[in-house]
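*Asks:* 3D model of this:
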Amino acid sequence: MKTALSLLALLFTLMTASAAEPIKVGHRGSVWGVENTRAAFANGVKRYPLIECDVRMTADSVFVISHDENTERLGGSKVIAETPLADLKAERYTQTRGDIVYAGEISTLAEYLQQCKDAGVGCVVEMKWTPGVNNNDTSMIPALMAEIEKAGMTENVIMLTSMKKCLEAIGEQFPHVKRQFLGGAKWKDSLDWIKQQNIDVDLIWNAVSAEDVAMLHDLGLKVNVWTIDSPETAAALTEMGVDFITTNKL
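*Replies:* Here you go, the predicted model:
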């Protein structure tokens, strides 16, 4: 099995040594389970060498995994930042995906990291706007990185967000940690900043051309694209030369 300490280095070495398929990243774990929960991660680690999640912080300063700022879309009733972990853990979530109804509960960052470590896969941690991890206040980033270090996953994590101040803080305080800038349709407006930061990118797939990929590669930067579930679209992006494809189910 791949060792957690060397997984990202191994993936990047294989990627540059051959014209291999792009590395697939399991979006919020996978489609097989409530997004960002244990089941989605457990099924994702069977299929993908990298597993993506979204991190926020609870009222009692515990990092948890949730895309949304509240739990309503999954059947809960809590605001993450206003609720302690015990109350969030008491909620049960459901989500219908591919005609299957899944059930689950919120995961902590520590639980997610352990699942990835046990499976020998890498982590893509998307930082969502949360107290102490946002463009106005980056004071909790050291605590976030300390939790990743405690899990023994510092060498095996990519920190992802659209929040530039957070990425700058990581670059300054933790220069050995890999980063990706999350870009939407207007990502080129940030191109000068991307160059200045020398930062890899994770871009919405339909705003990327083969020329863009070549330009970014010329800068020594890797290109992730999100979120692709169509084999035909994945094939076209592979032809363009992207390095990563983020997917729910490919």
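*Asks:* switch to C-alpha atoms for all contacts and neighbour counts from now on
*Replies:* Fine.
*Asks:* All the strands of this protein, residue numbers only.
*Replies:* Along the chain, counting by DSSP state E, strands occupy 23-26, 50-57, 63-65, 93-97, 100-104, 107-108, 122-127, 157-161, 178-183, 200-204, 223-226, 244-247.
*Asks:* Turn those strands into CSV, columns for mean neighbour count, mean pLDDT and distance to E172.
*Replies:* Below are the strands of the chain laid out as CSV (neighbours: other C-alpha atoms under 10 Å; pLDDT from 0 to 100; distance: least, C-alpha to C-alpha, whole Å):
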stretch, mean neighbour count, mean pLDDT, distance to E172
strand 23-26, 25, 98, 26
strand 50-57, 27, 98, 21
strand 63-65, 25, 98, 22
strand 93-97, 16, 98, 38
strand 100-104, 15, 98, 37
strand 107-108, 22, 98, 26
strand 122-127, 26, 98, 17
strand 157-161, 23, 98, 13
strand 178-183, 23, 98, 12
strand 200-204, 23, 98, 16
strand 223-226, 24, 98, 22
strand 244-247, 25, 98, 25
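*Asks:* Of the ones you listed, give the one that comes closest to W193.
*Replies:* Counting by C-alpha to C-alpha, W193 lies closest to strand 178-183 out of the strands of the chain; the figure is 10.0 Å.
*Asks:* mind checking how far the closest one is from the chain centre?
*Replies:* 9 Å (C-alpha atoms, centre = their mean, to the nearest Å).
*Asks:* distance of the closest residue to L8 other than its chain neighbours from K188?
*Replies:* In space, and not counting its chain neighbours, L8 is closest to N156: 5.6 Å by C-alpha to C-alpha, 6 or more residues apart in numbering. Using C-alpha to C-alpha, to the nearest Å, N156 is found at 28 Å from K188.
*Asks:* who has more neighbours, the two?
*Replies:* Shown here are N156 and K188; by other C-alpha atoms under 10 Å, N156 has more neighbours (25 against 14).
*Asks:* Against L113, how distant is that one?
*Replies:* On the measure of C-alpha to C-alpha, N156 and L113 end up 10 Å apart.
*Asks:* got any residues that touch both of the two?
*Replies:* Shared contacts of N156 and L113 (C-alpha atoms under 8 Å, 6 or more residues apart in numbering): C123.
*Asks:* Do you know the pLDDT at the closest residue to N135 other than its chain neighbours?
*Replies:* Leaving aside its chain neighbours, N135 sits nearest to K165 (5.0 Å; criterion: C-alpha to C-alpha, 6+ apart). With respect to pLDDT, K165 scores 98.
*Asks:* K165 and T138 touch, don't they?
*Replies:* Yes. Contact between K165 and T138 holds when scored by C-alpha atoms under 8 Å: they sit 7.4 Å apart.
*Asks:* about what we covered before: so for D212, which of the strands of the chain sits nearest?
*Replies:* Counting by C-alpha to C-alpha, D212 lies closest to strand 223-226 out of the strands of the chain; the figure is 9.4 Å.
*Asks:* contacting residues around that closest one?
*Replies:* 200-205, 213, 216-217, 242-247.
*Asks:* now swap in stretch 199-215 and tell me
*Replies:* For stretch 199-215, contacts defined as C-alpha under 8 Å, 6+ apart pick out 160, 179-187, 194, 221-228, 237, 240-242.
*Asks:* What number of residues are in the vicinity of the residue nearest to N135?
*Replies:* Using other C-alpha under 10 Å, K165 is surrounded by 16 other residues.
*Asks:* try P142
*Replies:* Neighbours around P142, by other C-alpha under 10 Å: 16.
*Asks:* Repeat that for E149.
*Replies:* E149 - counted by other C-alpha under 10 Å - has 14 other residues nearby.
*Asks:* What does the pLDDT read for it?
*Replies:* pLDDT at E149 comes out at 98.
*Asks:* could you list every residue that touches it?
*Replies:* Here E149 is in contact with no residue (C-alpha under 8 Å, 6+ apart).
*Asks:* what do you get if the cut-off is 10 Å, keeping everything else the same?
*Replies:* For E149, the contact set (C-alpha atoms under 10 Å, 6 or more residues apart in numbering) comprises A143, E155, N156, V157.
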